[in-house]
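1. Sequence and predicted structure are below.
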Amino acid sequence: MDDALIVVDIQNDFCPGGVLAVPEGDSIIPKVNELLAAFPLSILTQDWHPIMHCSFASSKGLPPFSLDMETSPPSVLWPDHCVAGSQGADFHRALQSWRARYIFRKGTRKELDSYSAFLENDGVTSTGLEGLLSSLGINRVIVCGLATDYCVKATALDARKLGFEVVVVENAIKGIGAAPDDIDNAKKQIREAGCIFAQSGDLVSSTL
């Protein structure tokens with residue numbers, strides 16, 4: 001077994017109707033389900049934040065989308081989202097989550113956020129996913145999910161940094177695009193790191 005599918009954060013709070021919704025974020029779910037059916041080894045990541053998490057604007061007494069000037073570089077402070085055990089933290093009901101072999105929860109510590117499935121935002125602390133995949137003989141990861149310009153990008157870049165081959169499924173990701181060039185810039189960074197983009201149909205066909 002050489003490949004693992006990583007499905008990033010397809011949770012209610014990141015889909016339309018959620019508190020931090022990615023525009024049309026749920027539109028990728030049919031493609032993601034096809035990928036989940038095709039790849040025997042798949043991992044779902046799940047933001048799972050405690051109350052008063054460091055990424056919440058409310059924990060700093062600031063309005064959502066303010067910058068946290070205590071971090072370097074300054075990071076965005078978000079509305080309270082994906083609170084552990086809440087409906088917003090649940091996987092979207094259309095996602096065939098039962099197909100996944102593993103679930104990795106991230107951002108579980110109050111004082112440290114985690115965009116990437118591999119490393120916390122300090123860039124050092126491991127989530128344990130690298131060790132699991134290495135023990136299973138995985139050389140290549142297939143990345144899809146939400147959001148292109150945040151957690152998908154961070155997961156892809158860290159996977160490359162850790163030595164995995166990385167394929168990002170271009171028609172199974174969606175971005176926030178808070179600034180006009182955010183999504184394009186994220187894709188550029190992903191490519192420059194040595195990741196490649198592919199379409200879900202091509203990847204599914206290759207597993208048949």
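-> Sure thing, it's come through.

2. Mind jotting down where the helices sit in the chain?
-> Taking DSSP state H as the test, the helices found in the chain are 29-38, 129-135, 153-161, 182-192, 200-207.

3. for these, which one sits closest to Ala57?
-> helix 182-192 (19.2 Å; C-beta to C-beta). C-betas here are computed from N, CA, C, even on glycine.

4. hang on, the earlier thing: for the helices of the chain, give me CSV that also has mean neighbour count and mean pLDDT.
-> Output for the helices of the chain, formatted as CSV (neighbours: other C-beta atoms under 10 Å; pLDDT from 0 to 100):
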stretch, mean neighbour count, mean pLDDT
helix 29-38, 19, 98
helix 129-135, 16, 96
helix 153-161, 24, 98
helix 182-192, 16, 97
helix 200-207, 14, 92
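
5. now those helices in JSON lines, with distance to Ile176?
-> Formatted as JSON lines, the helices of the chain follow (distance: least, C-beta to C-beta, whole Å):
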{"stretch": "helix 29-38", "distance to Ile176": "17"}
{"stretch": "helix 129-135", "distance to Ile176": "23"}
{"stretch": "helix 153-161", "distance to Ile176": "11"}
{"stretch": "helix 182-192", "distance to Ile176": "7"}
{"stretch": "helix 200-207", "distance to Ile176": "21"}
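
6. right, so of these, which gets closest to Val143?
-> With C-beta to C-beta as the yardstick, what comes closest out of those is helix 153-161 (5.2 Å).

7. tally of neighbours for Leu95?
-> 22 (other C-beta atoms under 10 Å).

8. In contact with it, which residues?
-> Shown in contact with Leu95 (C-beta atoms under 8 Å, 6 or more residues apart in numbering): Val7, Ile10, Ile29, Val32, Asn33, Leu44.

9. Can you give me the distance of the closest residue to the third one other than its chain neighbours to Asn33?
-> Here the nearest residue to Ile29 in space, its sequence neighbours aside, is Ala94; by C-beta to C-beta, 6 or more residues apart in numbering that works out to 4.8 Å. For Ala94, the distance to Asn33 equals 8 Å [C-beta to C-beta, to the nearest Å].

10. now do Gly137
-> 26 Å.

11. same deal with Gly25?
-> Taking C-beta to C-beta, one finds Gly25 at 14 Å from Asn33.

12. same deal with Val8?
-> 15 Å.

13. Lys153 contacts Arg191, correct?
-> No: using C-beta atoms under 8 Å, Lys153 is not in contact with Arg191, being 11.0 Å away.

14. And for Ala198, the neighbour number?
-> Neighbourhood size, Ala198 [other C-beta under 10 Å]: 15.

15. nearest spatial neighbour of it, skipping sequence neighbours?
-> Val167 (5.1 Å).

16. max-length strand in the chain?
-> Longest strand in the chain by number of residues (criterion: DSSP state E): strand 165-174.

17. Which residues belonging to it are considered buried?
-> The neighbour-count check on strand 165-174 (16 or more other C-beta atoms under 10 Å) flags Glu165, Val166, Val167, Val168, Val169, Ala172, Ile173, Lys174 as buried.
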